[in-house]
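Q: sequence unknown, structure follows:
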Ligand SMILES: O=C(O)c1ccccc1NCC(=O)[C@H](O)[C@H](O)COP(=O)(O)O
């Protein structure tokens with residue numbers, strides 16, 4: 001197993017550097033203006049420049065216009081875009097970088113809906129999130145038992161929603177995902193990462209990589 005770790009909602013350069021140093025594979029920069037983790041394009045470009053040679057910087061968008069997404073990809077050097085709103089499968093292409101489509105999971109019907117994105121456009125992975133109010137970053141888990149039907153079929157899935165240093169290992173064992181993603185579970189307040197929690201989270205996730 002080689003589980004990748006994405007730390008989402010980075011707003012400060014010290015948090016970005018700490019996450020890379022701790023072994024993060026990807027950082028998420030949030031371009032949804034209503035998020036407490038929103039970053040303006042200028043500071044986001046500076047955060048993206050902390051990226052090490054093999055790291056990935058993912059821009060998170062909610063129902064954003066393609067023109068704006070393309071502009072952010074170019075000006076911030078994003079290596080992937082995460083569409084975290086109500087974007088249909090046909091909207092998941094045209095950015096010149098891989099697309100991660102996020103879906104909130106309440107039950108089996110949402111997993112079936114997720115299947116409609118597999119192979120659509122530039123979708124390279126699905127991110128399955130809990131169904132908290134709002135679009136993301138809500139700290140709510142979902143039934144991990146629903147993920148296996150996708151991962152067993154070889155679909156790259158990032159498991160998100162309510163993950164913490166304390167439950168990430170259990171989530172990985174239950175879902176055998178391509179990766180895991182966390183925002184609020186490693187914060188002292190929204191947008192401010194708790195560096196010790198980030199380190200513990202990454203260590204817990206990557207320990208399973210070493211264990212198999
Ligand atoms: O984090 C946000 O504020 C946010 C707002 C709107 C859309 C997406 C958002 N975050 C995207 C993420 O990838 C989060 O890491 C994911 O939703 C999990 O969040 P959490 O449950 O807090 O770990």
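A: Great, that's in hand. Bear in mind the structure is a predicted one, so any value in this text is a computation, not a measurement.
Q: is the longest helix anywhere in the chain anywhere near the ligand?
A: Using DSSP state H to define each element, the chain has its longest helix at helix 195-210. No - Helix 195-210 stays clear of the ligand (CB under 6 Å from any ligand atom), getting no nearer than 9.9 Å. To be clear about C-beta, it is placed using only N, CA and C from the backbone, and glycine gets the same treatment.
Q: just checking, what packs against that helix?
A: On a contact count with 3 or more CB pairs under 8 Å, 6 or more residues apart in numbering; DSSP states H and E, helix 195-210 meets strand 4-8, helix 13-22, helix 168-175.
Q: what's in contact with the second one?
A: If you take CB atoms under 8 Å, 6 or more residues apart in numbering as the criterion, helix 13-22 is touched by 7, 10, 27, 46-47, 50-52, 55, 192-193, 195, 198-199, 202-203.
Q: 6 Å - rerun?
A: 7, 10, 27, 47, 50, 52, 193, 195, 198-199, 202 (CB atoms under 6 Å, 6 or more residues apart in numbering).
Q: Those: which two are farthest apart?
A: The span of these, defined through CB to CB, is set by 47 and 199 at 18.7 Å.
Q: Looking at these two now, which is surrounded by more residues?
A: The neighbour count for residue 47 versus residue 199, taken as other CB atoms under 10 Å, is higher for residue 47 (21 against 18).
Q: Just give the number of residues close to the closest residue to that one other than its chain neighbours.
A: Leaving aside its sequence neighbours, residue 47 sits nearest to residue 16 (CB to CB, 6 or more residues apart in numbering; 5.2 Å). Residues lying near residue 16 (other CB under 10 Å) number 24.
Q: Residue 16 and residue 28: what is the separation?
A: The gap separating residue 16 from residue 28 is 11 Å, by CB to CB, to the nearest Å.
Q: likewise residue 205?
A: As judged by CB to CB, residue 205 and residue 28 stand 15 Å apart.
Q: does the residue lying closest to residue 182 once chain neighbours are set aside sit in a helix or strand, and which one?
A: Distance criterion CB to CB, 6+ apart; nearest residue to residue 182, sequence neighbours excluded, is residue 163 at 4.6 Å. Under the criterion of DSSP states H and E, residue 163 resides outside all helices and strands.
Q: Right, I'll leave it there.
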